[in-house]
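Student: Sequence below, structure please.
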Amino acid sequence: MALEIERKFLLPEYPERLIKAGELKILTRQTMDQTYLAIDGAQELRVRKITDLDTGKITYTHTFKDGKGISREEVEYSISAGLYNQMIEAVRAIPLIKTRLTGNWNGTIVEIDVYTQLELAVLEVEFDSLEEAESFQAPAWFGKDVSVERQYSNKTVWKELQGKG
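Tutor: Residues are numbered from 1 along each chain as shown. The predicted structure is shown next:
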C-alpha cells in the first residue's frame with residue numbers, strides 16, 4: 001500500500017494574479033465526480049470519473065484510503081467506465097464535483113480544488129516524507145492550514161452533500 005502524505009490549505013482566493021504573472025504554471029485542468037462507496041471510521045472506498053478539460057479524455061479510478069491526518073495509506077487503480085457506472089448505480093448517491101488545477105509553483109506541485117456545489121476552494125501539496133510535510137513553510141496565499149480539520153475532508157463534505165439531495 002502506498003503512503004499519501006499531504007497538507008491541505010483553505011484557499012482564500014483563486015490565484016489568478018500568480019497564474020497571469022507566470023509564477024504558478026498550470027499543468028493540467030480536470031473535473032472530477034467523486035462518490036464514496038463505503039466509509040467506516042478512518043477507512044474509505046471511493047470512485048472518481050475524471051475528465052481532462054484540455055483533451056476531453058475521461059478516466060475512472062477506484063481508491064481505498066486508510067488513516068487520518070496528513071499521512072494515510074492509499075491504493076488507487078484505474079477501472080472501466082462500465083465498472084464505474086455499476087458502482088454508481090449501486091450506491092445512488094450525489095457525487096462531489098470539483099474542478100482540479102494542478103500547477104507548479106516555485107518547483108512545488110500544487111493541486112487546487114474548486115468545489116462546484118459549495119463555496120469552497122482548497123489547495124493541496126503532496127510530500128515524499130512526513131518530515132518534508134511538517135517542515136514545509138506555506139506562503140500566505142495558500143491560506144489557513146486545514147490538514148487535520150475534518151470538516152474540510154472530501155468524505156465529510158460528500159456526506160453533507162447527501163443530506164441536501
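Student: and the residue lying closest to S80 once chain neighbours are set aside, what does it touch?
Tutor: Leaving aside its sequence neighbours, S80 sits nearest to Y60 (C-beta to C-beta, 6 or more residues apart in numbering; 6.7 Å). The way it works is simple: take the backbone N, C-alpha and C, and place the C-beta from them, glycine included. Contacts for Y60 (C-beta atoms under 8 Å, 6 or more residues apart in numbering) come out as V47, R48, K49, I50, S78, I79, S80, A81, L83, Y84.
Student: SS state for the nearest residue to the last one once chain neighbours are set aside?
Tutor: It stands for Y84. Nearest in space to Y84, with sequence neighbours left out and distances taken as C-beta to C-beta, 6+ apart, is Y60 at 4.0 Å. The three-state label given to Y60 by DSSP: H, G, I helix; E, B strand; the rest coil is strand.
Student: Okay, and the beta partners of Y60?
Tutor: K49, I79 (DSSP bridges).
Student: you'd agree R72 is in a strand?
Tutor: Yes - under three-state DSSP, R72 falls within a strand.
Student: Tabulate the contacts of Y60 (a markdown table), appending neighbour count and pLDDT.
Tutor: A markdown table is the format used below for those (neighbours: other C-beta atoms under 10 Å; pLDDT from 0 to 100):
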| residue | neighbour count | pLDDT |
| --- | --- | --- |
| V47 | 22 | 98 |
| R48 | 20 | 98 |
| K49 | 19 | 98 |
| I50 | 17 | 98 |
| S78 | 11 | 98 |
| I79 | 16 | 98 |
| S80 | 9 | 98 |
| A81 | 11 | 98 |
| L83 | 13 | 97 |
| Y84 | 21 | 98 |
